[in-house]
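Engineer: Provided below for reference: sequence and predicted model.
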Amino acid sequence: MIRVIIEREIAEGLEPFYESAIANLLHVMAGSPGYLSGESSVEIHRPNRYVVITRWTDENAWNRWFQSSERQELADTIRPFLQNAEKLTLLKQLFLHRDRAAS
């Protein structure tokens with residue numbers, strides 16, 4: 001399993017348009033083979049900075065989605081809102097720690 005972190009900074013005033021576009025992208029992405037889950041968050045003290053975190057079965061599944069024409073079309077709808085290029089980080093899990101008190 002891998003996680004993909006996508007960081008985006010949106011031009012001021014365009015946040016509602018971005019949020020609508022990213023909701024659609026996440027909905028479509030959910031049907032992609034190998035997709036496990038995803039979430040979109042906004043930074044508390046910088047409301048134009050967004051982070052999307054997705055989980056995939058493996059890097060090949062992510063690459064298939066990332067290179068798909070479907071994703072490219074959806075990314076084109078987001079691109080006009082970006083202040084700079086999105087930053088992608090792919091992570092594989094080394095350890096999992098759970099708080100025993102929360103169990």
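Structural biologist: Cool, got the structure. Residues are numbered from 1 along each chain as shown.
Engineer: touching, Ala21 and Arg79? I think so.
Structural biologist: No: contact criterion Cβ atoms under 8 Å: Ala21 and Arg79 do not qualify, at 9.7 Å. In this view, the C-beta of every residue, glycine as well, is placed from N, C-alpha and C.
Engineer: for those two, indicate the residue with more neighbours.
Structural biologist: In this comparison of Ala21 against Arg79, neighbours counted by other Cβ atoms under 10 Å, the higher total goes to Ala21 at 19 against 12.
Engineer: just the strands in the chain please.
Structural biologist: In the chain, the strands defined using DSSP state E lie at 2-9, 35-42, 49-56, 87-92.
Engineer: the second one vs strand 49-56, what angle?
Structural biologist: This points to strand 35-42. 170 degrees (axes from the mean of the first three to the mean of the last three Cα atoms, to 10 degrees).
Engineer: give the rounded mean pLDDT of strand 35-42.
Structural biologist: Here the mean pLDDT over strand 35-42 is 95, rounded to a whole number.
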